[in-house]
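Enquirer: pasting a predicted model and its sequence here:
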2 protein chains.
Amino acid sequence: MFLNQMPRYEILSADAMATLDRGWRRIVSEIGVEFMSPRALELFRRAGMKVEENNVFFDPEFVLEQVAKAPREFDVQARNPANTVRIGGDHMAFGAVYGAPFVREGDVRRDATLDDFHRFCKLSQVFGEMDSAGGVVCEPNDAPLDSRHLDMVYALQTLTDKVYMGNVVSGPNAADTVAMTRILLGDIETTPATISLINCNSPLRWDDRMLDAQFEYSAANQPVVLTPFLLMGAMSPVSVPATLVQQIAEALTGIALSQLIRPGCPVIFGSFLSNIDMQSGSPCFGTPESAVGLLCTGQIARRFGLPWRSGGALTSSQTTDAQAGYEALMTMLPTFLAGANWVMHAAGWLEGGLVSGFEKFVMDVEILRMLQHEFTPMEITEESLAFDAHAEVGHGGHFLGAAHTMERFRTCFYRPLLSSSDNYERWMRRGAKDAAARAADVYQAKLQEYELPPLDDAIREELRDYVTRRRRELGDA
Amino acid sequence: MFLNQMPRYEILSADAMATLDRGWRRIVSEIGVEFMSPRALELFRRAGMKVEENNVFFDPEFVLEQVAKAPREFDVQARNPANTVRIGGDHMAFGAVYGAPFVREGDVRRDATLDDFHRFCKLSQVFGEMDSAGGVVCEPNDAPLDSRHLDMVYALQTLTDKVYMGNVVSGPNAADTVAMTRILLGDIETTPATISLINCNSPLRWDDRMLDAQFEYSAANQPVVLTPFLLMGAMSPVSVPATLVQQIAEALTGIALSQLIRPGCPVIFGSFLSNIDMQSGSPCFGTPESAVGLLCTGQIARRFGLPWRSGGALTSSQTTDAQAGYEALMTMLPTFLAGANWVMHAAGWLEGGLVSGFEKFVMDVEILRMLQHEFTPMEITEESLAFDAHAEVGHGGHFLGAAHTMERFRTCFYRPLLSSSDNYERWMRRGAKDAAARAADVYQAKLQEYELPPLDDAIREELRDYVTRRRRELGDA
């Protein structure tokens, strides 16, 4: 997996950090955070916090004590041990788009299906840069609603041999994910095996269904990503600093709950921070504000000693056009500068997250590959200066045939997956295809390359039986 | 103009810097640098350097002594004083694409004309984010060859009231630029008024025509951008460190020449560093290698106390597609991270610099605006935390109508020029236009908004007379 050993780009001064620190302490202690779960409220009450109805008023020191119990780094095992990921430190893991009800292929935008879900799983498997297909890589609208999570988990488990995300629609869905993960891997408590996204109903409220899922996962020692969902102007004030303190208040109190459920269980400080267009109310992605928020969030998460999630190839664009290109990189480059540990939506996100795009997936993998290359430190040694090449070529010549070049030409530079540097005549001969059209060729070819990763027949059978039984119990059979 | 007060992203360790330092010293002293100009050779000989044929073997300490004479910062005056730029320090100035023989509008790619040149001048004038139209914003192929530089300088002087770049095709062309600039502004020696690009014929050779232009400009105290032209694999070794030391050797020796011509004259450390595709030989832009080179170059130029030029919205893409979007930002974001002072090609570059694109120009201005917004430090104060807004909205509500929001909604976030966050239905109703199609609408509207900046009739007349006389003398009348 990718290790980011380049420097972090940090923009918060010590004074700024102290101001933010005062801010979240004031929010959690004076305004409090709502937890719509009697179990959660009972845990906080027993821990000595003041609870009024659903609202918990926190002692900030208590929050920090709980946060300190969380591991700084941990592994998440994949069924193929080569694909096990480490979360935290310099490690960066990348998963596909999550949660889109629609898909786009070329000019066609339509409801996503289970077949689309399968194809995105295959693309996530076949691209080595992807550590995970994520979870709800698109919504399989043609699968029965109440048992759809079983179809998704089964697909993630069988079509890929990488780590995957668990379902969070309800506590029972989470329990199904945990049960199926145990079938796949046996012991999953020593080393966890699925990551789940617990979103806050921002501002300052954690909802019951998400909390029920959190209880299941944290109790089973499976990591949860506690994520304030912050579109500034709607779910948080129209100010990056105000949003950062709200984000800290929400994330840390969610993390504190996990540590009460099971002290020492793995958690991830989550961030999903952008803004709305103040004229239309539409969410905007790849904005300057979101990039600044991302850089700050990395610095903040490190201050609390927590692995963190943010970033992705986000865009508001409807198609894989120029806007999709620059907006995706407006988020992904800061994702690397800030060293996010768990990067959801790293490939395929379109239209503010409403659409999983096949061409977009390929474009995003290209960006991911480029950034992984860029954020791998180069060696600067006497030998790297290639003095002999300069002595050989001298003045006004060229290095095309130099010995130094001949020894290295195959591997010396990044080789693109999608980008074209064809001259105009050659580009015309090859059909004058723009990047989106070429991306369509790439994903179709990649789907042809896909091979089903081997899985023990008995395990596959047991998973199938589980899905069949549970589907029947859920009334979807 | 834009001040970049965010931190610089520096990736070279002290050890790495010391290795690079040994590298350029060895090149200039053991291999030497060619200057294809008897005047230049004579200056170096008289300064005590060893000269063999056209090659100068340098004492690195002598080079550093000359470099130390150059100003760290300086102004370049525009005829509208509000558009005067400062070069150096935290200042960043942005000019349009330079040197393309072709233009692209929509699906049409064709030879550039003087009318295209005029339209790009107007776009550079009308967008406040642009500090300069640059110089050869496209090649006016329908203007007579020998006097074309007069048409370009006249257009830059009259259609814009911003700083502009001088012609460098020959010494006489440079002298024409200086003469016309004196007509426009009178005294241009106290504060220079035109910037010119002197490219190295890399590796390690400065050619006669460029040097003749350099003599004219430096003698007149007009800044020159001494720019190694480095496509790794062709003009430099297939190694970033080797290319960086070559770049230092070339830039510093060119700068040393300017300081011998006129001690203390303004210079800019230039960088144009990317790589070729090792299979096709085509130049590639927006590559990971070029981004790393850019970050290192900023650190290196600062070490020598020199203002520097690099960056731009570079791409190999043929059209304003997704590749153009992400490649442009792959260079422009590092341009800001590294704090380049003079940014050529900041808008309009397509197809490896062969094409000036109208839609691309608009896309690049959008990127420029976003980055200027992103690299303006936010204030983190108690007030910015908007505690009252949190107290007002509480738990699970929204901030759309909060007092804090209502007071700030007009200016709180970046407002895009081009990017769309329309929902799907609205986007379809508005014609389902991708970013390139919308960019075409934007530049056409902006050309309508353009107003000719006022200029004293006598000066305009004198400029016209100069152009007419010189065109006759050059045999193009």
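Expert: Nice, thanks for sending it over.
Enquirer: do you know how far the residue nearest to the spatial centre of chain A is from A:Thr113?
Expert: With distances taken as Cα atoms, centre = their mean, A:Met344 lies nearest the centre of chain A, 1.4 Å away. Going from A:Met344 to A:Thr113 by Cβ to Cβ, to the nearest Å gives 22 Å. The C-beta positions use only the backbone N, C-alpha and C, and glycine is treated the same way.
Enquirer: closest residue of the stretch 301-450 of chain A to chain B?
Expert: Nearest residue of the stretch 301-450 of chain A to chain B, counting by Cβ to the nearest Cβ: A:Gly325, 2.5 Å away.
Enquirer: wait, that residue sits on B:Leu329?
Expert: Yes - the criterion here is Cβ atoms under 8 Å, and A:Gly325 meets it with B:Leu329 at 7.5 Å.
Enquirer: those two: who's more crowded?
Expert: A direct count of neighbours by other Cβ atoms under 10 Å in any protein chain shown for A:Gly325 and B:Leu329 places A:Gly325 higher, at 37 against 29.
Enquirer: residue contacts, the more buried one?
Expert: Residues counted as contacts of A:Gly325 (Cβ atoms under 8 Å, 6 or more residues apart in numbering or on different chains) are A:363, A:435, B:321-327, B:329.
Enquirer: now with 6 Å?
Expert: Taking Cβ atoms under 6 Å, 6 or more residues apart in numbering or on different chains, we find A:Gly325 in contact with B:322, B:325-326.
Enquirer: beyond whichever helix or strand it is part of, next helix or strand please.
Expert: Following DSSP states H and E, the helix or strand that holds A:Gly325 is helix A:322-338. Downstream of helix A:322-338, the next assigned helix or strand under DSSP H and E is strand A:342-343.
Enquirer: average model confidence for that following strand?
Expert: Averaging pLDDT along strand A:342-343 gives 98.
Enquirer: so is whatever helix or strand comes next after it next to chain B?
Expert: Scanning forward in sequence from strand A:342-343 by DSSP H and E, the next helix or strand is strand A:349-350. No - Strand A:349-350 does not reach chain B (Cβ under 6 Å from any Cβ of the partner chain); its nearest approach is 10.3 Å.
Enquirer: residues in contact with strand A:349-350?
Expert: With contact meaning Cβ under 6 Å, 6+ apart, strand A:349-350 is reached by A:97, A:104, A:313-314, A:357, A:360.
Enquirer: any idea how far the nearest residue to A:Met330 once chain neighbours are set aside lies from B:Gly312?
Expert: The shortest distance from A:Met330 to any non-neighbouring residue, by Cβ to Cβ, 6 or more residues apart in numbering or on different chains, is to A:Gly286 (3.9 Å). Distance of A:Gly286 to B:Gly312, computed by Cβ to Cβ: 20 Å.
Enquirer: which parts of the stretch 251-400 of chain A sit against chain B?
Expert: Residues of the stretch 251-400 of chain A lying near chain B by Cβ under 6 Å from any Cβ: A:275, A:277-278, A:282, A:284, A:287-289, A:291, A:316, A:318-326, A:329, A:333, A:363, A:367, A:370, A:373-374, A:378, A:380, A:384-386, A:389-390, A:393, A:395-396, A:398-399.
Enquirer: contacting residues around stretch A:413-423?
Expert: When contacts are defined by Cβ under 6 Å, 6+ apart, stretch A:413-423 is touched by residues A:362, A:366, A:373, A:438-439, B:275, B:277, B:282, B:284, B:287-289, B:316, B:323.
Enquirer: repeat that for 8 Å
Expert: For stretch A:413-423, contacts defined as Cβ under 8 Å, 6+ apart pick out A:362-363, A:365-366, A:369-370, A:373, A:427, A:430, A:435, A:438-439, A:442, B:232-233, B:238, B:275, B:277-278, B:280, B:282-289, B:316-318, B:323, B:327, B:352.
Enquirer: tell me the phi and psi of A:Leu231?
Expert: Here is the backbone geometry of A:Leu231 (degrees, to the nearest 10): phi -100, psi 100.
Enquirer: scratch that, A:Tyr164
Expert: According to degrees, to the nearest 10, A:Tyr164 has phi -140, psi 170.
Enquirer: ok, and the closest non-adjacent residue to it?
Expert: A:Leu156 (3.8 Å).
Enquirer: for the closest residue to A:Leu12 other than its chain neighbours, helix, strand, or coil?
Expert: Closest residue in space to A:Leu12, ignoring its immediate chain neighbours: A:Gln299 at 5.1 Å, by Cβ to Cβ, 6+ apart. Of the three states, A:Gln299 takes helix under DSSP: H, G, I helix; E, B strand; the rest coil.
Enquirer: can you verify my assumption that A:Gln299 contacts A:Leu20?
Expert: No - A:Gln299 lies out of contact with A:Leu20 (Cβ under 8 Å); the separation is 9.7 Å.
Enquirer: what is in contact with the two at once?
Expert: In contact with both A:Gln299 and A:Leu20: A:Leu12, using Cβ under 8 Å, 6+ apart.
Enquirer: looking at these two, which has the bigger crowd around it?
Expert: Shown here are A:Gln299 and A:Leu20; by other Cβ under 10 Å, A:Leu20 has more neighbours (24 against 20).
Enquirer: quick one, helices of the stretch 201-350 of chain A?
Expert: According to DSSP state H, counting those that start in this stretch, the stretch 201-350 of chain A carries its helices in the segments A:208-219, A:240-261, A:288-303, A:322-338.
Enquirer: deepest-packed of these, please.
Expert: For the helices of the stretch 201-350 of chain A, the largest average neighbour count (mean count of other Cβ atoms under 10 Å in any protein chain shown) is found in helix A:322-338, namely a mean of 29.
Enquirer: got the angle for it vs helix A:288-303?
Expert: Interaxial angle of helix A:322-338 relative to helix A:288-303 (axes from the mean of the first three to the mean of the last three Cα atoms, to 10 degrees): 20 degrees.
Enquirer: let me know the average pLDDT across helix A:322-338.
Expert: Averaging pLDDT along helix A:322-338 gives 98.
Enquirer: residues near the closest residue to A:Phe58 other than its chain neighbours, how many?
Expert: Leaving out its chain neighbours, the residue that sits closest to A:Phe58 by Cβ to Cβ, 6+ apart is A:Val28, at 4.0 Å. Number of residues near A:Val28 (other Cβ under 10 Å) recorded here: 26.
Enquirer: I'd guessed A:Val28 sits against A:Val63; true?
Expert: Yes - under the criterion of Cβ under 8 Å, A:Val28 makes contact with A:Val63 at 6.3 Å.
Enquirer: thanks a lot, catch you later.
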